[in-house]
Structures are given as C-alpha cells and as structure tokens.
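In: The sequence isn't on hand, but the structure is:
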C-alpha cells in the first residue's frame, strides 16, 4: 500500500482545516537534550556570556547542485539573487501565485552551483517538487532531521555560539583574530586541526557564529569548543532554551503554508499526508485561507525584491503598496497568565495548559487576537523570556492596532477541543496583552542585521 497523499487526506477529512486541526503529527521535535543545566540559566547565557546550541539534528537540509540551481531558487523565491555569491547566506522566502507565504529557510551558497537550503521541510518540499516537475538541470540530495532520518547520523554538524563572549572565545579557539565578516556571510576557521565553515550570525543582539562541517569531525570540534569555553563561561543550551530564542529575535518559525488552492492540487498529490504537521489555537475559521499570511504580515517585507520574475511577484507588488498587517510582539498580562495556570488547581475545567518555556502545542499555532471583541490579528508563537521576565507571543495584527502600548486580548484555548494528542479537556479564556515591537528586545532591534 502506498503512502496517502496530502490531497487524498484533505478529501478524506473534508477540508484542510479539519485535517490539520486533528492531526496526530508531533508539534515540533528538537532531538537534543532538553536541558544541560536548566533552561532559565541557558537562556540567560546568550545575554551574559556565551551559549552553545547544537543545531545538528532538528533541521532538514536540501542540497541543490547544478547549472539551474540559482534559477530554480530565483523562480520561486522573493529574494534578490544579485551578488549572491559563494560564501553568502540569506533567509529564503517562497510564496504562492497570490503572494501568500509558503515557507522560509536559511539558504547557504556553498560553492558555485551548490547551495544548501536548511530549515523546516515546508519550503524544501516545495522546491524539491518544482525542481522535479519543472525539469530544472539540478541534482538534489536531502538529509532529513534526526527524528525523520531513516538511519545514520546527519551529513553535517552545526554548532551555534552566541553571546557577548563568543568573539573572544572563537579567537582563543582558533588562535587568530576573528575576520571582519558581515552578517550572514561565511568564513572559515581552523579548530582542533579541522577546517570549519562559519556563518556570521546574531541572536539576542549579540555577535555569534554558526559553525558547521562534516559530521565525523563534529566530536573533535565540540570537544575543543567545550575545553576553551570554560574560560569564557560557556553554557550548553538544550532544546527548551533554544526553542525560545526566536521570541527575542522576532522570527516567526511556522505559518500555515498557502498550498491549498486548486492550482496546487498536483503538489498536494505529490506530498505525503503527514508532511505538514498539526494546527492548533483559537482561530476557528473553516476557511484555510483565513490562516494565510503574506511576507509583509510577518516581517519579511524587506526581503521581497522586484528585480526578478518569481511566482507571486504581481500579487506582492499590489500587496506592497498597502500591507494590511504588521508583525508585533504581544506581552501577556502576568495576572491573566497566572490565573490560567492557577485554574489547574481549582475546581472545574481548567484553561489550556501553558507549558514553559515554550507554550506552542501544535506545529502551526494560530490564536485569535481581539480588541473590543473584534478580531484584529493572529498570534503565531508564544513562550517565556527569562531575560525580560515576560511571557510573550509573536503576532501579526491590523496596522490600526500595531502601535506599541495598544491593549488587545489573546483568545487562548480551543472551542471545541480538537483531537490532537497535545490537547486536553479545557476551556477558552481571554488573556490581556500589550502590543510591543518585534523584535521585543531593544538590544536586538538596535543591532540585529546591522553588525
């Protein structure tokens, strides 16, 4: 028996919303240790010293090689590819013909005609399908994350060093000054006798590097990092802390992909039924398009460049003239959050469980944002930031309510309760929230992408 396609599963369930809302697919898995010490101290490390995050296992890689590699990426990406040469990287974004977001990933230009797309499978699947269906002169090599990989280790290790002491740590580790590398550009280091590629990255407003190389050299490199790191108060950060880093940088990790139109039936027939993941939250529209967002809605407006033809260009040109929504941070009222937690210890049906530090319980988390009882946006990810001592969510809201300080509410919980394994019997509640900028952290807003 063959694998059921996404299209067949949608037909069986009756609609995309019904299929995703009751999906048993896991929300998100980080196949590394949840904590090395405790997630609170591990969060603090990328602000106070240096945090080491292991990114080797939770992302999927799609290697695209061949003379049509750039053409494929350009045809389906909103990004410019002018001056995108080996040694550079960027946040790659794809949309459908109507300009709605399909997915994003980090794109590494490794060598001439060799690129690596790294991230959640959503946009990787889309590129793979179009490479095969469109007859592009490329070869594809795919390395699944360690949860989905049939067997064996990853192709490469990835270690991220982030924090105010990261630069000094790397200089001690390599025995040389850190070269002047611009944000999202790559260089090479020699660590413990191994050649290591390094992406200049930044998180929480601090300098940092993403180090990667052949898997078989990873233990040697890691041992060297840990040994030198003792001098610089290096802290290993586990999956719990790592999963919250985006709340500080303002990156929304997942949004429902806009792939359910009639024109994309062929793609859904190519995709497996379990390829997307589950949908959770208080947004209860039966129309899947009400869950869609544009790049402008979630902070990717600056990424869109109209210097090339790509799928969705005409639609985005129209949308760019007057984007309807804006990405913001919502700071949840601590009394209301405490009341939700307290309901677990009171008689009757409690509020939906709020897990710390990350409270997202579906792969696509979509909660209603309300003002005076009217819906004004969608909350798309949520959790607790130790460094700010705030519980926040990343949201896209109508521009009329996007001014910092505006008061809104988030509708938390599902009605009716869905059939996802992560959903227990609960009641919906409204939690007050204050609109704040995204990124929320001032240090990040001042330095992210500028250093």
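Out: Received the coordinates, thanks. As the structure is a computational prediction, the values presented were derived from the model and not from experiment.
In: surely residue 5 meets residue 267?
Out: No. No contact is recorded between residue 5 and residue 267 when judged using Cβ atoms under 8 Å, the distance being 9.9 Å. (Glycine included, C-beta is placed from N, CA and C.)
In: Could you check which of the two has the larger neighbour count?
Out: For residue 5 against residue 267, the residue with the higher neighbour count under other Cβ atoms under 10 Å is residue 267, and the figures read 21 against 17.
In: Please name the nearest non-neighbouring residue to the more buried one.
Out: On the basis of Cβ to Cβ, 6 or more residues apart in numbering, the spatially nearest residue to residue 267 that is not a chain neighbour turns out to be residue 129, at 5.4 Å.
In: Wasn't the one you found part of a helix?
Out: Yes. With DSSP: H, G, I helix; E, B strand; the rest coil as the criterion, residue 129 is located in a helix.
In: give me every residue that touches it.
Out: By Cβ atoms under 8 Å, 6 or more residues apart in numbering, residue 129 lies in contact with 267, 270-271.
In: Residue 10: which of those residues is nearest?
Out: Comparing these against residue 10 with Cβ to Cβ places residue 271 closest, at 10.3 Å.
In: Surely the closest one is in contact with residue 126?
Out: No. Under the criterion of Cβ under 8 Å, residue 271 makes no contact with residue 126, lying 9.2 Å away.
In: All the strands of the stretch 201-350 of the chain, residue numbers only.
Out: Ranges of strands in the stretch 201-350 of the chain, per DSSP state E, counting those that start in this stretch, are 206-214, 234-237, 279-280, 325-332.
In: Also the stretch 51-200 of the chain?
Out: When assigned using DSSP E, counting those that start in this stretch, the strands of the stretch 51-200 of the chain occupy the ranges 60-65, 89-95, 101-111, 114-119, 139-143, 156-162, 186-191, 194-203.
In: just checking, residue 220 touches residue 194?
Out: Yes. Checked against Cβ under 8 Å, the pair residue 220 and residue 194 is within contact range at 5.9 Å.
In: thinking again about what came up before, nearest to residue 168, of the strands of the stretch 51-200 of the chain?
Out: Of all the strands of the stretch 51-200 of the chain, strand 156-162 sits nearest to residue 168, with 10.7 Å by Cβ to Cβ.
In: name the helices or strands packed onto that closest one?
Out: For strand 156-162, the packing partners by 3 or more Cβ pairs under 8 Å, 6 or more residues apart in numbering; DSSP states H and E come out as strand 50-54, strand 194-203, strand 206-214, helix 218-229.
In: picking that back up, of the strands of the stretch 51-200 of the chain, which is nearest residue 417?
Out: Nearest to residue 417 among the strands of the stretch 51-200 of the chain is strand 101-111 (27.7 Å), distances taken as Cβ to Cβ.
In: for that closest one, packing partners?
Out: Strand 101-111 sits against strand 89-95, strand 114-119, helix 121-133, with contacts defined as 3+ Cβ pairs under 8 Å, 6+ apart.
In: can you list the domains in this protein?
Out: For the chain, the domain assignment from automatic domain parsing gives the residue ranges 39-58+152-242, 320-447.
In: Reformat those as a markdown table; add mean neighbour count.
Out: Below are the domains of the chain laid out as a markdown table (neighbours: other Cβ atoms under 10 Å):
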| stretch | mean neighbour count |
| --- | --- |
| domain 39-58+152-242 | 19 |
| domain 320-447 | 18 |
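In: quick one, which of these is nearest to residue 27?
Out: Nearest to residue 27 among the domains of the chain is domain 320-447; the distance by Cβ to Cβ comes to 5.2 Å.
In: among the domains of the chain, which is nearest residue 26?
Out: Minimum separation from residue 26 across the domains of the chain (Cβ to Cβ) falls at domain 320-447, 7.6 Å.
In: need the contact list for the nearest residue to residue 393 once chain neighbours are set aside.
Out: In space, and not counting its chain neighbours, residue 393 is closest to residue 382: 3.7 Å by Cβ to Cβ, 6+ apart. For residue 382, the residues meeting the contact criterion (Cβ under 8 Å, 6+ apart) are 247, 332, 358-360, 365, 367, 391-394.
In: Quick one: mark the members of these that sit in strands.
Out: 332, 365, 367, 391-394 (DSSP state E).
In: pLDDT for these - can I get that in a markdown table?
Out: Shown next, in a markdown table, are these (pLDDT from 0 to 100):
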| residue | pLDDT |
| --- | --- |
| 332 | 98 |
| 365 | 97 |
| 367 | 98 |
| 391 | 98 |
| 392 | 98 |
| 393 | 98 |
| 394 | 98 |
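In: where does residue 1 land on pLDDT?
Out: For residue 1, the model assigns a pLDDT of 46.
In: no no, residue 241
Out: According to the per-residue confidence, residue 241 scores 95 in pLDDT.
In: which residues touch it?
Out: With contact set as Cβ under 8 Å, 6+ apart, residue 241 has these partners: 35, 39, 42-43, 51, 53, 357.
In: Let's see that with 6 Å instead.
Out: Applying Cβ atoms under 6 Å, 6 or more residues apart in numbering to residue 241 gives the contacts 39, 42-43.
In: Tell me the secondary structure at the residue nearest to it when sequence neighbours are not counted.
Out: For residue 241, the nearest residue in space outside its immediate sequence neighbours is residue 42; the separation is 3.7 Å by Cβ to Cβ, 6+ apart. Three-state assignment for residue 42 (three-state DSSP): helix.
In: now residue 396
Out: State at residue 396, reduced to three classes by three-state DSSP: strand.
In: can I assume it is in contact with residue 299?
Out: No. In this structure, residue 396 is not within contact of residue 299 by Cβ atoms under 6 Å, at 8.4 Å.
In: what is in contact with these two at once?
Out: Counting by Cβ under 6 Å, 6+ apart, the residues touching both residue 396 and residue 299 are residue 327.
In: so which helix or strand takes in the residue nearest to residue 393?
Out: Assignment of secondary structure by DSSP states H and E places residue 382 within strand 374-385.
In: and that strand, how far from the chain's centre?
Out: 15 Å (Cα atoms, centre = their mean, to the nearest Å).
In: ok, now stretch 334-353?
Out: Centroid displacement of stretch 334-353 relative to its chain, using Cα atoms, centre = their mean, is 29 Å.
In: again, but for stretch 258-267
Out: Relative to its chain's centre, stretch 258-267 lies at 23 Å (Cα atoms, centre = their mean).
In: quick one on the thing from earlier: in a markdown table: the contacts of residue 241, plus pLDDT.
Out: Converted to a markdown table, the contacts of residue 241 look like this (pLDDT from 0 to 100):
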| residue | pLDDT |
| --- | --- |
| 39 | 97 |
| 42 | 97 |
| 43 | 96 |
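In: re earlier: pipe the ones in strands among the contacts of residue 382 into TSV and attach distance to residue 111 per row.
Out: Compiled in TSV, these are given as follows (distance: Cβ to Cβ, whole Å):
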residue	distance to residue 111
332	46
365	37
367	43
391	44
392	40
393	40
394	35
